[in-house]
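> Curious how this folds, go ahead:
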Amino acid sequence: MTSGKTKRLILLFFIFLSCERPDNQTVCDHLQKWDTQLTINPERIRDSLKMIDREVLSGADRAYFDLMKVIVDDKSFVAFTSDSLITSVEDYYRRHEPNSYNHIRSLIYQGIVRYRMGVKDSTVMLPFQEAKKIYSHRGEEDPILGYFIHYYLGEVLIDNQQSPMAKKYLNKALSFAKLSGNKNYEYDAYVELYWCEMIQDHYSEAKSYLDTLQTFTNLSSDDRYTLYNAQSIYYDTQQDYQKALDFKKKQKDLIPYLNHEKEFFRLYYSISERYSDINRPDSAFYYAKLAIDNIQDTSNIFNYLLYENIADAAEKLHDYKTANDYRKTGMGLLEKNIERKTEMQVVALEKKYSLAEAENKALKMKEHNRYLISALVILSLFIVLLYFYISKQKSLGKLKQKQLEAEMQQTMLQHQIAETKALYAVKQSQSQQQMLLIYSTFVKHFADQVHKTTSLAINIRGKNPQIADKLDLQLTENRKNINLLTTHLFSPEKLAELLKLNTIPTFLNHHECLILFMMAEKMGNAQIAALLNTTNDSFKARKSQLKKKISLKAQDSSDLNTLLNLFNG
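Now for the predicted structure:
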């Protein structure tokens, strides 16, 4: 323990030497003192930093100040929207103090900031990997730095579906946490190891980590909230739904004592599901309603699942009208969010295309000016030559040269136009593929809802024919709408794009294209029959007729095999 304190003092001595200006010595002393208290009270340090005028600091002091600001923002749960500040800090230390202690810290927090921003590509991993390389090369013995490097390398790998590799880094992080004597870091490492095993369905290993976590004492409310969540998830996988529910209730009891805000609609949704698992629809309905009331992002496309959940609970309570109302609301939200998302994608594509078009115009103008200047130079030379040598032959040669340049310019312009058209075609194809994916999701969900509603109408007709009649009317109206929609969405051209056919099957009508589209998406006969307002037997007969029609009229052998293979699914 004494050796660890000695190392920390040596590190602070080197930080002391980095304070450049004598007139900033007091500020540097404050920064060093606050640096030792970052983990204990980040909010207070954050307030203290606001009292310093950053602009009067030297380069080294400013980099140190900015590094501390990023660290306290992270520990105060500030939402990062840019990595420009920490990138400028890392750039300073790379140029002026490469491979130093603070250079390692700046690399670590560069990776942390990008991770907090939701970046998933290699720009998150690279700073951590470089920090690890410098840390190993220096023989750095500060275990806290080693913990942060390996902990976040493990987290990033888990997010990228590389849990087996992540486990190696997390175990190393756990070793550093134990070496530092920091119980909070040790607790966090065990939590990540637990989730690493759960993701891989290694339940016995996960349970051992869970048992270890339960031995920790003096946990904060946030840490206990995390532990109860882990316990609930584990017992849910073991189908012990009562225990899973008990731990979810313990999470709920901690809500008033949490230090930072959570997405409580997820908690209420989980509690509702647990009540459904133990056949308590009344409580399931109550917490499903709380989940809806606590929705934070109304544009989230998956919000409709909350309405599906409460509708299922209402059905178990035999409140079919309420169930139907919530399903209609959920479907409306889904359609609205799909439409909003589609519009955003279209706008993004239009902006990209407009930008490309503007760049092409600028390039054309630049090229035009270049040729204009060249033409003026040539014309000047021509006038000078004409002044000295009046020659019909040379005049003709100049004219031919101009014609050749004009042809070259025309060729280049045609080439640029062709490239622009090709780029537009690629982007248009990408947009169409995205639209087809959205159509698939929509049709699957709509067909499933039609099937459920039809079954519901049949089941309750004997008990309440009026509700059944209303459901039938709603189904009829929905089918009219889907027929109008499918006429535009499911054409032979769209089918050819989906199945990558060599020729467009113009012998198929839009209903037949819709059937083949749903078969390609692996939808069941019952779903398709419900959407087409027919019985399973009738649909099977229609399916057989469609297969014969394709066998007779498909001209391309490759297309024939592709289409016939759909009937073997």
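
> the helices in the stretch 251-400 of the chain, which residues?
Ranges of helices in the stretch 251-400 of the chain, per DSSP state H, counting those that start in this stretch, are 264-277, 281-293, 304-316, 320-388, 392-460.

> how close does Glu103 sit to Tyr135?
In this structure residue 103 is His, not Glu. Using CB to CB, to the nearest Å, His103 is found at 10 Å from Tyr135. Using the backbone N, CA and C atoms, a C-beta is placed for each residue, glycine as well.

> shaky segments in the stretch 301-450 of the chain?
Regions of the stretch 301-450 of the chain meeting the criterion pLDDT under 70 cover residues 337, 339-364, 366, 391, 394-395, 420-422, 424-448, 450.

> repeat for the stretch 151-300 of the chain
Scanning the stretch 151-300 of the chain for pLDDT under 70 picks out the ranges 260-262.

> can you rerun that using 80?
For the stretch 151-300 of the chain, residues meeting the criterion pLDDT under 80 lie at 259-263, 296-300.

> Next one, pLDDT for the residue most central in space within the chain please.
Geometric centre of the chain, nearest residue: Gly118, 7.6 Å, by CA atoms, centre = their mean. The score at Gly118 is 87. That number is its pLDDT.

> element containing it?
Of the helices and strands defined by DSSP states H and E, none includes Gly118.

> Can you pull the phi/psi pair for it?
Note on Gly118: its backbone torsions stand at phi 90, psi 10 [degrees, to the nearest 10].

> Low-confidence ranges, the stretch 451-569 of the chain, go.
Applying pLDDT under 80 to the stretch 451-569 of the chain flags the ranges 451-458, 461-464, 468-491, 494-495, 497-499, 527-528, 530-533, 569.

> can you pull out the helices in it?
Under DSSP H, counting those that start in this stretch, the stretch 451-569 of the chain gives helices at 465-489, 492-499, 510-520, 525-531, 536-553, 557-565.

> List the buried residues of the third one.
Of the residues in helix 510-520, His510, Glu512, Cys513, Leu514, Ile515, Leu516, Phe517, Met518, Met519, Ala520 count as buried by neighbour count, 16 or more other CB atoms under 10 Å.

> Against Phe539, how distant is the last one?
So the one you mean is Ala520. The gap separating Ala520 from Phe539 is 16 Å, by CB to CB.

> Now render the helices of the stretch 451-569 of the chain as a markdown table, adding distance to His318.
Shown next, in a markdown table, are the helices of the stretch 451-569 of the chain (distance: least, CB to CB, whole Å):
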| stretch | distance to His318 |
| --- | --- |
| helix 465-489 | 11 |
| helix 492-499 | 41 |
| helix 510-520 | 32 |
| helix 525-531 | 23 |
| helix 536-553 | 27 |
| helix 557-565 | 44 |
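
> Quick one: closest of those helices to Ser82.
helix 492-499 (39.1 Å; CB to CB).

> name the helices or strands packed onto the closest one?
helix 392-460, helix 510-520 (3 or more CB pairs under 8 Å, 6 or more residues apart in numbering; DSSP states H and E).

> ok, now which ones touch Thr212?
Tyr190 (CB atoms under 8 Å, 6 or more residues apart in numbering).

> Now do the same for it: helix, strand or coil?
Three-state assignment for Thr212 (DSSP: H, G, I helix; E, B strand; the rest coil): helix.

> what do you get for the one 3 residues further on?
Assigned state for Thr215: coil (three-state reduction, three-state DSSP).

> quick one: it from Ser208, how far?
12 Å.

> ok, these two, which is more surrounded?
Ser208 (15 against 7; other CB atoms under 10 Å).

> Now the more buried one: which helix or strand?
helix 203-213.

> Just give me how far that helix sits from the chain centre.
29 Å (CA atoms, centre = their mean, to the nearest Å).

> Can you mark which positions in it are buried?
So for helix 203-213, counting by 16+ other CB under 10 Å, buried means Glu205, Ala206, Tyr209, Leu210, Leu213.

> now do stretch 174-193
Counting neighbours by 16+ other CB under 10 Å, one finds that the buried residues in stretch 174-193 are 174-177, 179-180, 182, 185-193.

> and what of stretch 192-199?
Quick answer for stretch 192-199 (16+ other CB under 10 Å): Glu192, Leu193, Tyr194, Trp195, Cys196, Glu197, Met198.

> Alpha carbons of it, as CSV, please.
C-alpha atoms of stretch 192-199 as CSV (Å, rounded to 0.1, in the frame of the first residue of the first chain):
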residue,chain,number,x,y,z
GLU,A,192,-19.4,-6.9,-16.7
LEU,A,193,-18.0,-10.4,-16.4
TYR,A,194,-21.5,-11.6,-15.3
TRP,A,195,-23.1,-10.0,-18.4
CYS,A,196,-20.3,-11.4,-20.6
GLU,A,197,-21.3,-14.9,-19.5
MET,A,198,-25.0,-14.3,-19.7
ILE,A,199,-24.7,-13.1,-23.4
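
> Please enumerate residues in contact with that stretch?
Stretch 192-199 is touched from outside by 151, 154-155, 158, 163, 166-167, 170-171, 173-174, 203, 205-206, 209-210, 213, 230, 233-234, 237, with contacts defined as CB under 8 Å, 6+ apart.

> cool, and stretch 550-559?
For stretch 550-559, using CB under 8 Å, 6+ apart, the contacting residues are Leu501, Asn502, Thr503, Pro505, Phe507, Leu508, Leu560, Leu563, Leu564.

> For the second one, give its distance to Tyr287.
With the distance defined as CB to CB, Asn502 ends up 54 Å from Tyr287.

> more crowded one of the two?
Neighbour totals were compared for Asn502 and Tyr287, and Tyr287 leads with 25 against 11 (other CB under 10 Å).

> Now flag whichever of the buried residues of stretch 174-193 is closest to Gln37.
So of those, ranked by how close each gets to Gln37 (CB to CB), first place is Asn182, at 14.4 Å.
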